[in-house]
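K.L.:
Could you work out the structure for the sequence below:
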Amino acid sequence: MIANLSRRKLLTLGSTGVLAGCGFQPVYMPTAAGRAGPAQRELAAININLIPDRPGQLLRQDLQERLASDSGETPQRYDLAVTFSISGEGIGVEPDNAATRIRLIGNAHWTLKARDPAQTQVTSGSARAMDAFNVLDQQYFAADIDNEQVQRRLASALADQIAMQLAVFFRRRAAVASS
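P.N.:
Residues are numbered from 1 along each chain as shown. Now for the predicted structure:
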């Protein structure tokens with residue numbers, strides 16, 4: 001039977017056994033009763049503060065999608081404050097100093113505070129993502145559309161990073177509390 005298994009399947013089976021043996025558990029793993037796990041419950045309890053400007057709105061929307069619960073009935077116990085900036089640089093420069101390719105770098109610094117009278121800081125972190133677009137002669141409208149698409153991709157990548165950092169924090173905190 002083993003001769004019929006492909007090398008990829010055999011490696012997959014072997015790595016699954018190794019991961020199970022080391023105590024690997026998915027970050028978003030539900031409880032044995034099928035309810036949301038500790039990371040999902042805590043993520044759903046986060047209120048995301050307003051983030052200024054259009055790119056900030058895109059980041060906030062992406063974060064809301066990633067952190068929201070399906071029921072929408074989770075009481076808010078945390079406030080997430082995010083500062084977000086995008087910087088750009090020309091990376092394809094012609095002899096006349098005209099940029100033909102623009103690299104955008106998105107930086108987000110976040111702080112999670114408890115909704116208690118002291119506004120206790122629970123955790124904080126940062127995320128960074130890069131993307132680029134081409135600038136073609138005489139096509140300013142196309143460059144604007146490309147710029148907006150890059151900003152959307154940056155917001156999505158940063159939201160992924162922030163959500164994962166928060167989920168890992170809550171998962172570790174739950175593991176420490178249960179031991």
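K.L.:
And the helices in the chain?
P.N.:
7-21, 38-44, 53-67, 140-178 (DSSP state H).
K.L.:
Excluding sequence neighbours, find me the nearest residue to the most centrally placed residue in the chain.
P.N.:
The C-alpha lying nearest the average C-alpha coordinate of the chain belongs to D160 (Cα atoms, centre = their mean; 1.6 Å). In this structure, D160 finds its nearest non-sequential neighbour in R66, 7.2 Å apart by Cβ to Cβ, 6 or more residues apart in numbering. For every residue, glycine as well, the C-beta is placed using N, CA and C.
K.L.:
Okay, the one you found and A39: tell me how far apart.
P.N.:
Remark: distance between R66 and A39 (Cβ to Cβ, to the nearest Å) = 12 Å.
K.L.:
ok, those two, which is more surrounded?
P.N.:
A39 (23 against 17; other Cβ atoms under 10 Å).
K.L.:
isn't that one right next to A175, touching?
P.N.:
No - look at A39 against A175 with Cβ atoms under 8 Å: they stay out of range, at 10.3 Å.
K.L.:
The closest residue to Q165 other than its chain neighbours: neighbour count?
P.N.:
Once flanking residues are discounted, Q165 sits nearest to G125: 4.9 Å by Cβ to Cβ, 6+ apart. The number of residues packed near G125 is 15, by other Cβ under 10 Å.
K.L.:
who does G125 bridge with?
P.N.:
With DSSP bridges as the criterion, G125 is bridged to W110.
K.L.:
For it, give me its contacts.
P.N.:
109-110, 162, 165 (Cβ atoms under 8 Å, 6 or more residues apart in numbering).
K.L.:
And the buried ones among those residues, selectable in ChimeraX?
P.N.:
Under the burial definition 16 or more other Cβ atoms under 10 Å, those of those that qualify are selected in ChimeraX by:
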select :110,162,165
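K.L.:
Nearest to T74 among the contacts of G125?
P.N.:
I162 (18.3 Å; Cβ to Cβ).
K.L.:
so that closest one makes contact with A108?
P.N.:
Yes - using Cβ under 8 Å, I162 is in contact with A108, at 6.4 Å.
K.L.:
what do those two both touch?
P.N.:
Overlap of the contact sets of I162 and A108 (by Cβ under 8 Å, 6+ apart) consists of 82, 127.
K.L.:
Distance-wise, check the closest residue to L59 other than its chain neighbours relative to F169.
P.N.:
Spatial nearest neighbour of L59, excluding adjacent residues (Cβ to Cβ, 6+ apart): A155 at 4.2 Å. Per Cβ to Cβ, A155 is found 21 Å from F169.
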